[in-house]
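Colleague: prediction below, plus the sequence it came from.
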Amino acid sequence: MADSNKTERGTARRREKAREKGQVVRSKELPSAVAVLAATIVLALEASSWLSQWRAYWMRMMDVVLSSASNMPMVLTRLTIEITLVWLGPVLAAGWLAAVAVSYMQGEFVFVPGNLLRWDRLTPNTNLKSLFSPAGLGRMARSFLPGGVILWLMVGLFARNWTTLVHSIAMPIGRSLPWMLGLIYEISWKSGMVLLVWSGVDYFLQHRTYEKNLRMSKQEVKDEGKETEGSPEIKGRLRRTMRQAHRKRMMQKVPKATVIVTNPTEYAVALEYRPAEMAAPVVVAKGRNLLAREIRRIGRQHSIPIVENVPLAQALYRSVEVDQPIPSQLYAAVAEILAFIYRTQRNMPARTPAQY
């Protein structure tokens with residue numbers, strides 16, 4: 001019943017938490033399949049040089065034996081190790097590199113130190129319960145399937161070549177060795193293809209199980225959103241607090257204004273201009289309706305000229321932010337107002353300037 005409520009896909013945060021715990025989509029069979037195929041390819045490429053390598057090995061072995069040297073066992077051991085490394089080294093290296101590359105492509109390498117210290121994984125009771133659980137039995141059954149297919153292919157291959165296999169002992173080395181190598185190559189690439197196909201099926205099953213485990217209910221999505229981004233109530237309260245603080249700072253700058261341009265009642269924009277310090281007038285406060293009324297009230301208290309200019313007030317309010325200079329296309333209109341104010345203040349210093 002609880003799973004039926006989980007109708008939402010796992011969020012990015014839930015996926016990140018799962019990754020931190022080492023939970024990623026990964027097929028254990030895919031690296032093995034690619035490793036077998038890579039080793040098989042290298043095996044086929046090197047097969048042509050094996051006969052000459054083993055012939056040289058046996059000739060060196062005979063030379064050492066005939067020389068009756070005192071360190072003959074050590075030399076024979078060294079020669080055997082060398083030919084084994086030359087023969088198997090590239091094959092094993094290709095398989096290992098391919099497996100590492102595929103493991104990385106499946107989700108990089110996830111190292112979780114906490115999982116190394118989980119003692120419950122070392123207790124036989126826990127491991128037996130996991131092994132004989134429905135999930136454990138299902139994994140065991142799935143692992144037998146590709147092995148059974150490979151065994152069936154090998155039986156068919158040996159049955160087809162049984163006569164040649166029985167008489168291979170009597171064949172010259174020049175014929176038996178290439179034939180045996182061809183048989184090994186066929187078994188290898190067919191086994192690799194079986195593992196590759198099965199790993200694709202396994203990856204699909206792993207991905208489906210992974211997505212199912214990550215599914216969330218709508219309430220869980222909401223709760224996670226509140227944890228990461230905060231509840232709407234708190235976010236709204238913070239916005240109101242920031243807005244009030246911004247208005248308070250803005251109102252504190254109104255007494256420094258040179259002029260207040262109005263709409264006359266809807267908009268109010270306070271401009272400050274000091275020719276010696278500023279390249280252009282700066283908007284120190286702006287507002288609409290109640291905020292515009294408050295700007296005008298503070299302006300009257302500090303005897304700041306209030307000028308009515310509908311298009312200019314609207315243009316300033318919409319195009320200029322607080323503490324920003326006015327754009328160049330409004331220079332002429334603002335300069336005309338400032339010039340009028342300066343003339344009025346010079347001619348009638350004791351009176352409040354008239355409306356423009």
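Modeller: Received the coordinates, thanks. Keep in mind it's a predicted model, so treat the numbers as computed, not measured. Residues are numbered from 1 along each chain as shown.
Colleague: give me the domain ranges for the protein.
Modeller: Split into domains by automatic domain parsing, the chain comes to 18-112+120-216, 252-347.
Colleague: which of these has the lowest average pLDDT?
Modeller: Lowest mean pLDDT within these: domain 18-112+120-216, a mean of 74.
Colleague: quick one on the thing from earlier: highest mean neighbour count out of the domains of the chain?
Modeller: domain 252-347 (a mean of 17; mean count of other C-beta atoms under 10 Å). For glycine as for every other residue, the C-beta is placed from the backbone atoms N, C-alpha and C.
Colleague: name the residues that touch the helix or strand harbouring residue 285?
Modeller: In this assignment (DSSP states H and E), residue 285 forms part of strand 282-288. Contacts of strand 282-288 with the rest of the structure, by C-beta atoms under 8 Å, 6 or more residues apart in numbering, involve 247, 250-251, 253-254, 256-257, 266-273, 294-295, 316-317, 320-326.
Colleague: from the residues you listed, which land in strands?
Modeller: Using DSSP state E, the subset of the contacts of strand 282-288 located in strands is 267, 268, 269, 270, 271, 272.
Colleague: what's the closest of the residues you listed to residue 340?
Modeller: Comparing the ones in strands among the contacts of strand 282-288 against residue 340 with C-beta to C-beta places residue 271 closest, at 13.3 Å.
Colleague: check contacts around the closest one.
Modeller: Here residue 271 is in contact with 257, 258, 259, 260, 261, 281, 282, 283, 284, 316, 326, 334 (C-beta under 8 Å, 6+ apart).
Colleague: give the bridge partners for it, please.
Modeller: Applying DSSP bridges to residue 271 gives these bridge partners: residue 259, residue 283.
Colleague: identify the residue nearest residue 308 in space, chain neighbours excluded?
Modeller: residue 264 (4.5 Å; C-beta to C-beta, 6 or more residues apart in numbering).
Colleague: doesn't the one you found belong to a helix?
Modeller: No - applying DSSP: H, G, I helix; E, B strand; the rest coil, one finds residue 264 to be coil, outside a helix.
Colleague: contact partners for residue 186?
Modeller: Contacts of residue 186 by C-beta under 8 Å, 6+ apart are residue 157.
Colleague: about what we covered before: now distance to residue 10 too, for the domains of the chain, in JSON lines please.
Modeller: Below are the domains of the chain laid out as JSON lines (distance: least, C-beta to C-beta, whole Å):
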{"stretch": "domain 18-112+120-216", "distance to residue 10": "3"}
{"stretch": "domain 252-347", "distance to residue 10": "41"}
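Colleague: out of those, which is closest to residue 238?
Modeller: domain 252-347 (19.8 Å).
Colleague: so who does residue 158 touch?
Modeller: Listed by C-beta under 8 Å, 6+ apart, the contact set of residue 158 reads residue 165.
Colleague: secondary structure element holding it?
Modeller: Counting by DSSP H and E, residue 158 is part of helix 134-160.
Colleague: run the chain-centre distance for the helix or strand following that helix.
Modeller: For helix 134-160, the succeeding helix or strand toward the C-terminus, using DSSP H and E, is helix 162-167. Put simply, helix 162-167 sits 55 Å off its chain's centre (C-alpha atoms, centre = their mean, to the nearest Å).
Colleague: how about stretch 154-171?
Modeller: Stretch 154-171 has its C-alpha centroid displaced from the chain centroid by 52 Å (C-alpha atoms, centre = their mean).
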